[in-house]
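**Q** predicted model and sequence follow; I will ask about them next.
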Amino acid sequence: MKLKLKEAADLVGGVVIGNPDLTVLNVAKIDEATQNDLTFLYLPAYEKFLETTKAAAVIIKPEFKKSRNDISYIEVKNPNAALQKIILTYLKPEIQTKGIDASAHVAPDASLGKNVVIGKNVVVSSGCIIGDNSIILHNAVLMENVKAGSGCLIYPNVSVRENCELGNNVIIHSNSVIGSDGFGYIQNENGEYIKEPQIGNVILEDDVEIGSNVSIDRATIGSTTIKKGVKIDNLVQIAHNVVVGDNSLIISQSGIAGSTKIGKNCILAGQVGVVGHIELADGVIVTAQSGVSKSIDKAGQYRGSPVDLLTKTLRLEAHIKNLPQYAEKIKKLEEKIASLEQKISEKG
């Protein structure tokens with residue numbers, strides 16, 4: 001990257017304070033930047049690094065103090081978003097693999113669109129349909145009748161099981177499994193667990209991104225559906241017949257049990273567990289390490305195990321912290337009451 005500060009400012013709609021002709025060669029964190037780097041400052045907690053950073057220029061909020069004259073600034077309302085735009089424009093990594101590698105196996109009846117990239121040892125099975133400009137990287141496996149739209153990016157070692165469907169611009173990171181069997185068993189009269197057939201599929205709609213080591217189970221019957229724009233972090237488990245609504249976020253180590261429906265624009269923070277066969281309304285936010293044991297029918301922030309409204313759980317936690325003081329007060333009140341009762345008894 002070789003970028004003049006004015007070009008960067010024009011790209012992100014910012015204002016240069018300092019030298020507009022200054023050239024930066026890379027981007028870096030404010031506490032790690034060197035003399036040719038562009039960095040950013042968007043949280044008050046990082047203001048302390050402004051005095052010591054070696055960066056040539058800083059993308060900064062207008063309200064932050066520009067205390068140094070030896071560096072230049074780009075003022076912009078959202079420095080984080082501005083830096084990401086610069087990275088996407090000038091530093092976005094390019095996939096080096098081109099065309100179809102000789103080691104790949106593509107079934108004769110598979111249909112590939114224009115400019116499809118197939119990496120080393122990839123398997124594209126019979127009946128698969130892959131849209132234009134999609135990229136499937138090394139050791140990925142697409143089993144029979146998988147459909148993938150245009151602009152998809154499937155990283156190494158991903159497995160997509162039979163009959164699953166990916167929309168346009170779907171991203172799946174390494175080692176994730178789409179369409180594994182749902183956890184379905186029927187106990188017989190001898191107490192043995194007999195596997196229940198899982199004959200459905202998984203549908204990932206447009207613009208879904210799946211992190212690494214994610215497991216999304218196929219439906220027992222019908223579809224497990226991840227709606228448009230959903231982003232799923234690493235190490236998430238989604239069980240059979242779950243529906244996750246548009247533009248929801250599922251964060252690392254969360255798990256959703258079977259047949260649960262998550263609404264639109266929901267957030268499940270890290271290590272949230274959700275039981276099966278319930279529904280979460282649109283706009284529900286569940287904070288980290290919470291357990292959802294029943295349906296939630298109103299948007300809002302929830303916390304705890306079992307969850308309750310965040311405001312209520314915070315009040316309860318405050319009371320719990322004060323339990324030793326409460327116990328001491330109760331003890332003193334009991335002693336006072338006992339003393340008063342004794343006096344009344346003596347007078348009686």
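**A** Cool, got the structure. Residues are numbered from 1 along each chain as shown.
**Q** where are the low-confidence patches of the stretch 101-250 of the chain?
**A** Scanning the stretch 101-250 of the chain for pLDDT under 70 picks out nothing.
**Q** so which residues of it form helices?
**A** Assigned by DSSP state H, counting those that start in this stretch, the helices in the stretch 101-250 of the chain number zero.
**Q** if I've got this straight, T311 is in a helix?
**A** Yes. The assignment for T311 by DSSP: H, G, I helix; E, B strand; the rest coil puts it in a helix.
**Q** what count of nearby residues applies to it?
**A** 12 (other C-beta atoms under 10 Å). Every residue, glycine included, has its C-beta placed from N, CA and C.
**Q** now do it against E317, distance only.
**A** Distance, T311 to E317, using C-beta to C-beta, to the nearest Å: 11 Å.
**Q** what's the answer for D246, then?
**A** 33 Å.
**Q** give the helix, strand or coil label for F64.
**A** coil.
**Q** so what's it up against?
**A** L41, E47, L50 (C-beta atoms under 8 Å, 6 or more residues apart in numbering).
**Q** give me the buried positions along stretch 276-287.
**A** I278, L280, A281, G283, V284, I285, V286, T287 (16 or more other C-beta atoms under 10 Å).
**Q** gap between that stretch and the chain center?
**A** Computed by C-alpha atoms, centre = their mean, to the nearest Å, the chain-centroid distance of stretch 276-287 equals 16 Å.
**Q** of the contacts of F64, buried ones?
**A** L41, L50.
**Q** how many neighbouring residues does D297 have?
**A** 10.
**Q** I should have written N265 there, sorry.
**A** Quick note: N265 (other C-beta under 10 Å) scores 16 neighbours.
**Q** ok, now how distant is it from S67?
**A** 39 Å.
**Q** how about G291?
**A** For G291, the distance to S67 - C-beta to C-beta - is 46 Å.
**Q** between those two, who's got more neighbours?
**A** G291 (14 against 9).
**Q** ok now do the more buried one, which residues does it touch?
**A** Here G291 is in contact with V272, G273, V274, V275, G304, S305, P306, V307 (C-beta under 8 Å, 6+ apart).
**Q** how does it look with 10 Å?
**A** Going by C-beta atoms under 10 Å, 6 or more residues apart in numbering, G291 touches Q271, V272, G273, V274, V275, G304, S305, P306, V307.
**Q** which one of the contacts of F64 is nearest to S176?
**A** Using C-beta to C-beta, L41 comes nearest to S176 of these, at 34.5 Å.
**Q** if we can go back for a sec, now the buried residues of stretch 276-287 in a markdown table, with distance to N115 and secondary structure?
**A** What follows is those, written out as a markdown table (distance: C-beta to C-beta, whole Å; DSSP: H, G, I helix; E, B strand; the rest coil):
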| residue | distance to N115 | secondary structure |
| --- | --- | --- |
| I278 | 43 | coil |
| L280 | 39 | strand |
| A281 | 41 | coil |
| G283 | 39 | coil |
| V284 | 40 | strand |
| I285 | 40 | strand |
| V286 | 41 | strand |
| T287 | 43 | coil |
